[in-house]
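Peer 1: return atomic coordinates for the entry below.
(2 chains, ligands or ions: 2)
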Amino acid sequence: MSLDRVDGLDKLSGKSAFVDDLTVPGCLFGGTIRSPVARGRIRKIHFSTAVDWSDFVIVDHRDIPGSNEVALIESDQPALASTNVRHLHEPVLLLAHSKLHRLREGLRSIRVEIEAAPPLFDVEAQPTKEMLQHGSDNVFKRIDIRKGDPASVFAKASRVIEGTYRTGSQEHVYLETQGMIAHQEGETLVVRGSMQCPYYILDALTIAFDRPKERFRVIQCPLGGGFGGKEEYPSVVAIHAALLAEKAGRPVKIIYDRQEDMAVTTKRHPSRVRHRTAVDDDGIILAMEIDILFDGGAYVTLSPVVLSRGTLHATGPYRCDHVHVHGEAKLTNSPPYGAFRGFGAPQTLFAIERHMDVIARDLGLDPGELRRRNLLCQGDTLATGQKVQDGVDLTALLARGEELAGVSLATQEYAAFNRSHPYLRRGVGRATFYHGAGFTGSGETHLASEVWVEGLADGRVRLLTAQTDMGQGTMTILAQIAGETLSVDPRSIEVVTPDTSLVPNSGPTVASRTAMVVGKLIEDGCRELQRILDSGSGPPSGKDFQNALELHHRENPGDLLRVSRSYQTPPGQNWDEVSYQGDAYACYSWAAHLAHVEVDLRTFQVRVTDYVALQEVGRVLNEVLARGQIQGGVAQGLGWTLLEEVILENGAMKNHQMMNYIIPGSGDLSPIRVFFEEIPSPSGPGGAKGIGELPLDGPAPAIINAVCHALSASIREIPLTPEVLMEFLGGKE
Amino acid sequence: MSHFDLTLELNGKKVTRKIPLRSRLLDALRYDFGLTGTKEGCGEGECGACTVLLSGRPVNSCLVLARQAEGCKVETVESTSTETLRRLNATGTSQCGACTPGIVMTARWLCDNPQTLDLMSLREFMSGNLCRCTGYDGVLSGIECLLDQEEGES
Ligand code: FES
Ligand code: FES
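Peer 2: Ligands and ions are numbered 1, 2, ... in the order given. Okay, here's the model as predicted:
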């Protein structure tokens, strides 16, 4: 069924109040003074004498009551730089004023004087001694996945095919920028704003202020988009707003404008992936050696886990008994790279899927045929030894995708077209891939997510989770899951907006885990509620359920009928964090994406003329929302592939405005045709699996493979902007 | 003179507020008239999130000085009929909702001026409203629903 978005009318009418839409009486405006250089030592901070500073609130690192860090995996990132800076735009000082134009004047009138040190921008370069800033080698995280004995296979192999692939960064461009309001309420610091993970912020605040959790309350406002960009970064804004509010003794609102947001916040990790593949004459893959390098930026933040997901997707959906994947995330003096929809997988999947076409070309095989010979079958194992048992038939999935996209006819037509047309070239490309749903490895076990389901006296049900709705439809999906489980109208289900003083910690809203992992807990909680209300004639549902609920409350006045459900590791799921062996994810979603392109050799523009996205995501819970997730993800992936170029200057984004960082508009796209295969999965509610990130993985390889088909070329790098393509084709002046 | 009295015919009602001279129409609507339905996405005329109808024409309110709107008719997303909202919701026109008010206003103008589509496709027409969530297919089918309904009625 497709329940219309429960928050849809409020979004459409503009009634949904984002953080900047809130008016808080007596609120000050907060802003950030940042490092003007990429690396160095802070010498002095100069306040212009032309400004009257008496009515400004000024905060620096000495005002931090607890540990000066933005707590995440490690504690290396300061909330406000004290002695050294490691990247351009690193926060140094905070200002607040009751008048926005005075705040702006203040921000313009402070100069941070820094004794510059040589910055490191090239992640591929071997760092010299003076460039070392993290450990003994600037490596944030190193991961190896080993299977079989690739070295001995390579030693005997008659055919080894190599390729190096690179992907650029990408800015999220959620349409609502970062923002946070903090104020004191008695003993409690209340922070509300745009965030994916309220409990991450709560943890970061307790450490920066060295106070117990009970002294903070973190509330999520409706989000104008996240895509991972509001996973870890909002902790920075939250700490800043809280510091200013505490010092001012008044509420403080920090809202980044678009240019600040694009310049300073996290982006997708740039990558370089090298493949060496041993194949036999029939194109059967014998051994794979994959070497991955991610640019992590200046602090550790989430790079280790982004790298982890990247390495775990690096082999693609192919059978291979001898594998070595090596991954490293390393420091540079760029603002930290961070979570972005796909989380490392789009980078490594671009590499393997492009490499498959390179191998096919080398062998003179059709790229579809090469894939068919190597695709995983049920019972095969991934590089970690995890057995594939989702019931998906990848060969059939690819065949259906090729049929939906009309590949064989198009291939013939394009050959004739390309021979005769003076300047247009057409091609078709494909990508087959998978995306692990939920946290990696034992992540879900460590999180131990908890949800509450409450049966109310008026016969309604209330769901309490920390899951945020950033546009993907959390509120609708959770209401729908509960409604379907209980056979009641989902519109009667109340989904509580995350507020750490009200909801349990059901984990962050990331990793395509909400519908699957948290949804499953909600389903279990609803079932438990039915069991409690069972008066002997079986678990009640529908009207009976509501009657039983009302009866329960009449008989037990004032009872809080609350069921708590916590994540339990499914029996038989094992993961070894050290050897990287075992079940890396509870389950996987699978896809075949196909793109048709037309390249204009006059303008070097690539136009995607048709896009087929076929995926197996378990049971589709809500057709309209699911299709919207796929189409939005494909559009974002297309942007990363063809349009979106993050130009770095001194390590940070130079083109930090929407005028010169181009995201796809409706005119840049053709209809994105979405199809589902549905094989109910035991992992999620009603058989659902994760969906949100999967669509980001396909467009880059499918589109570039199509361009390479059109041009008989071998392009190994994105973004493929017209300028890059012009150079590639030798159109240099 | 740092402030002036701005009078608008705002969503059918005549209203006046004293506002800073330097205000953009967007700021006046959001902060002085309290209509926060209109959103700011970029502040430089690129994204269309701030689209309102000024004297019946769609404009990026971040590029219009409040003073330029003096005495004019201004329509914002708050004046949209529930029926229109409901139709748009059914196709997935909105996900996060940040681009949405601008899209709704552009769509409303198109419904009043459907002959525009003789000159260009709906896809081209909508290309001034950027959306990062939907990939536009849900948006375009929502607007097609509105146009079909208008046609049915006329
Ligand atoms: S905010 Fe006006 S066009 Fe983007
Ligand atoms: S719905 Fe989020 S930007 Fe359009």
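
Peer 1: now for the lengthiest helix in chain B, which elements pack on it?
Peer 2: Criterion DSSP state H: the longest helix present in chain B is helix B:137-153. Counting contacts by 3 or more C-beta pairs under 8 Å, 6 or more residues apart in numbering or on different chains; DSSP states H and E, helix B:137-153 is packed against helix A:623-638, helix B:82-90, helix B:100-112, helix B:122-125. (Each C-beta comes from the backbone N, C-alpha and C, glycine too.)

Peer 1: spell out whether it and ligand 2 are in contact.
Peer 2: No. Using C-beta under 6 Å from any ligand atom, helix B:137-153 never reaches ligand 2; the gap is at least 7.6 Å.

Peer 1: and that helix, how far out from the chain's middle?
Peer 2: When distances are taken as C-alpha atoms, centre = their mean, to the nearest Å, helix B:137-153 is centred 17 Å away from the chain's centroid.

Peer 1: and the angle for that helix with helix A:623-638?
Peer 2: Helix B:137-153 runs at 130 degrees relative to helix A:623-638, counting by axes from the mean of the first three to the mean of the last three C-alpha atoms, to 10 degrees.

Peer 1: just the buried residues of helix B:137-153, please?
Peer 2: By neighbour count on 16 or more other C-beta atoms under 10 Å in any protein chain shown, the buried set for helix B:137-153 is B:137-143, B:145-147.

Peer 1: stretch A:360-374 too?
Peer 2: Neighbour counts over stretch A:360-374 (16+ other C-beta under 10 Å) mark A:360-363, A:365, A:367-368, A:370-374 as buried.

Peer 1: reformat those into TSV and put pLDDT, distance to chain B and secondary structure next to each item.
Peer 2: Formatted as TSV, the buried residues of stretch A:360-374 follow (pLDDT from 0 to 100; distance: C-beta to the nearest C-beta, whole Å; DSSP: H, G, I helix; E, B strand; the rest coil):
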residue	pLDDT	distance to chain B	secondary structure
A:Ala360	98	29	helix
A:Arg361	97	30	helix
A:Asp362	97	34	helix
A:Leu363	97	35	helix
A:Leu365	97	33	coil
A:Pro367	98	25	helix
A:Gly368	98	25	helix
A:Leu370	98	29	helix
A:Arg371	98	25	helix
A:Arg372	98	29	helix
A:Arg373	98	33	helix
A:Asn374	98	30	helix
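
Peer 1: show me the two of these that sit farthest apart.
Peer 2: Farthest pair in these (C-beta to C-beta) is A:Asp362 and A:Arg372. Separation: 17.0 Å.

Peer 1: now the strands for the stretch 51-200 of chain A?
Peer 2: Here the stretch 51-200 of chain A has its strands, by DSSP state E, counting those that start in this stretch, at A:57-59, A:84-85, A:91-97, A:110-116, A:139-147, A:160-167, A:179-185, A:188-193.

Peer 1: just give the nearest non-adjacent residue to B:Leu26, would you?
Peer 2: Using C-beta to C-beta, 6 or more residues apart in numbering or on different chains and skipping residues adjacent in sequence, the residue nearest B:Leu26 is B:Ser61, 4.1 Å away.

Peer 1: so which bits of chain B are right by ligand 2?
Peer 2: So chain B meets ligand 2 at B:94-100, B:131-134 (C-beta under 6 Å from any ligand atom).

Peer 1: can you say which of the residues you listed are buried?
Peer 2: B:94-100, B:131-134.

Peer 1: ok, A:Arg607 touching A:Asp600?
Peer 2: Yes. Under the criterion of C-beta atoms under 8 Å, A:Arg607 makes contact with A:Asp600 at 7.4 Å.

Peer 1: so out of everything in the stretch 1-150 of chain A, what residue is nearest ligand 2?
Peer 2: With C-beta to the nearest ligand atom, the shortest gap between the stretch 1-150 of chain A and ligand 2 falls at A:Lys11, namely 7.5 Å.

Peer 1: for the closest residue to that residue other than its chain neighbours, phi and psi?
Peer 2: Distance criterion C-beta to C-beta, 6+ apart; nearest residue to A:Lys11, sequence neighbours excluded, is B:Gly97 at 3.0 Å. Dihedral angles of B:Gly97 (phi, psi; degrees, to the nearest 10) stand at phi 90, psi 0.

Peer 1: would you map out the domains in chain B?
Peer 2: B:3-76, B:80-153 (automatic domain parsing).

Peer 1: now do the end-to-end distance for the first one.
Peer 2: Just to be clear, that refers to domain B:3-76. For domain B:3-76, the first and last residues are 23 Å from each other (C-alpha to C-alpha, to the nearest Å).

Peer 1: any idea how far it is from the chain center?
Peer 2: Relative to its parent chain, domain B:3-76 has a centroid offset of 10 Å by C-alpha atoms, centre = their mean.

Peer 1: state the mean pLDDT of it.
Peer 2: Mean pLDDT, domain B:3-76: 97.

Peer 1: correct me, but the residue nearest to A:Lys11 touches A:Asp21?
Peer 2: No. Using C-beta under 8 Å, B:Gly97 is not in contact with A:Asp21; the gap is 10.9 Å.

Peer 1: which residues does A:Phe121 contact?
Peer 2: A:38, A:332-334, A:648, A:650-651 (C-beta atoms under 8 Å, 6 or more residues apart in numbering or on different chains).
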